[in-house]
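Asks: Below is the sequence, then the predicted model.
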Amino acid sequence: MVKIAKNELVFCPLGGVNEIGMNANLYHLDGKWILIDLGAGFADERYPGVSLLMPDISFIETLGDNFLGVVCTHAHEDHIGAISYLWEDLQCPIYATKFTAEVVKNKLKQLNLDDRAEITIQDPGSRFNVGPFDLEMVQITHSIPEMNGIIMRTKHGNIMHTGDWKIDPNPVIAPTTDEVKLKALGKEGVLALVCDSTNIFTEKHSGSEGDLEENMV
């Protein structure tokens with residue numbers, strides 16, 4: 001096993017890199033770890049008879065009390081879909097906005113785990129601490145309510161973890177991206193951008209959800 005110094009800042013993706021779905025992003029700081037999102041993946045023809053894929057959390061299970069919990073960016077299945085299936089192995093706190101928390105609770109309830117899981121509700125755009133992690137949510141436009149990216153401030157520098165994102169001037173069900181906060185973060189300085197966007201390699205502007213709505217009515 002690779003030895004990690006206590007003072008190192010480490011990003012360790014367990015899923016969601018170079019693939020659609022199964023987002024699970026592990027961060028280390030001052031000897032502690034948090035996971036941003038714990039999503040399910042969607043099986044294709046490579047996995048006959050399989051409907052859902054789950055990240056391998058065996059490394060997290062070795063961390064004991066040094067693993068502090070899961071921070072959710074939003075309530076889409078590829079970001080929170082594995083929590084209910086893997087929570088009993090982790091038995092960790094969960095941090096989410098109210099809407100995302102309700103979706104997670106409903107999934108946990110289906111497995112009779114809702115009374116056991118500790119879910120801390122954070123307001124969209126709020127700043128809070130999980131152990132040594134100084135975290136701030138920032139509103140990002142997406143096709144679901146209360147999508148928030150995560151700003152992580154550390155002594156090594158600032159990390160911007162976007163979650164799913166889109167710069168949409170006319171979204172249907174959510175506020176526009178908080179560009180003021182993002183510009184302020186840019187002036188503050190960003191060590192790394194951990195970015196997740198399905199169509200990032202398409203070299204053109206994405207259409208607005210508002211434009212799509214107009215064509216459906």
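Replies: Cool, the structure landed.
Asks: Spell out which residues sit in contact with Asp89, please.
Replies: 57, 61 (C-beta atoms under 8 Å, 6 or more residues apart in numbering). Every residue, glycine included, has its C-beta placed from N, CA and C.
Asks: wait, is it part of a strand?
Replies: No: assignment of Asp89 by DSSP: H, G, I helix; E, B strand; the rest coil gives helix, placing it outside any strand.
Asks: and the gap between it and Leu68?
Replies: With distances taken as C-beta to C-beta, to the nearest Å, Asp89 is found 16 Å from Leu68.
Asks: try Ser206
Replies: Remark: distance between Ser206 and Leu68 (C-beta to C-beta) = 35 Å.
Asks: Of these two, give the one with the bigger neighbour count.
Replies: It is Leu68, of Ser206 and Leu68, that has more neighbours when counted by other C-beta atoms under 10 Å, with 20 against 12.
Asks: which element is the more buried one on?
Replies: For Leu68, the element it lies in under DSSP states H and E is strand 67-71.
Asks: Let me know the average pLDDT across that strand.
Replies: In this model, strand 67-71 has an average pLDDT of 98.
Asks: May I have the residues that are in contact with the closest residue in space to Lys32 that isn't next to it in sequence?
Replies: In space, Lys32 comes closest to Gly131 once its chain neighbours are excluded; the distance is 4.4 Å by C-beta to C-beta, 6 or more residues apart in numbering. Contact partners of Gly131, counting by C-beta under 8 Å, 6+ apart, are 29-30, 32, 34, 68.
Asks: what do you get for Arg153?
Replies: Applying C-beta under 8 Å, 6+ apart, we find Arg153 in contact with 134-136.
Asks: hey, what's the residue nearest to Ile83 when sequence neighbours are not counted bridged with?
Replies: Residue nearest to Ile83 in three dimensions, not counting chain neighbours: Leu38, with 4.9 Å by C-beta to C-beta, 6+ apart. With DSSP bridges as the criterion, the beta-bridge partners of Leu38 are Ala24.
Asks: Please name the residues that touch Leu38.
Replies: Contacts of Leu38 (C-beta under 8 Å, 6+ apart): 23-24, 55, 70, 72, 79-80, 82-83, 86.
Asks: Which of the helices or strands spans Asn212?
Replies: Quick fix: residue 212 is Leu, not Asn. Under DSSP H and E, the secondary-structure element containing Leu212 is helix 209-214.
Asks: buried stuff in that helix?
Replies: Across helix 209-214, burial judged by 16 or more other C-beta atoms under 10 Å covers Glu209.
Asks: which residues are contacting that helix?
Replies: Residues outside helix 209-214 that contact it (C-beta under 8 Å, 6+ apart) are 143, 168-173.
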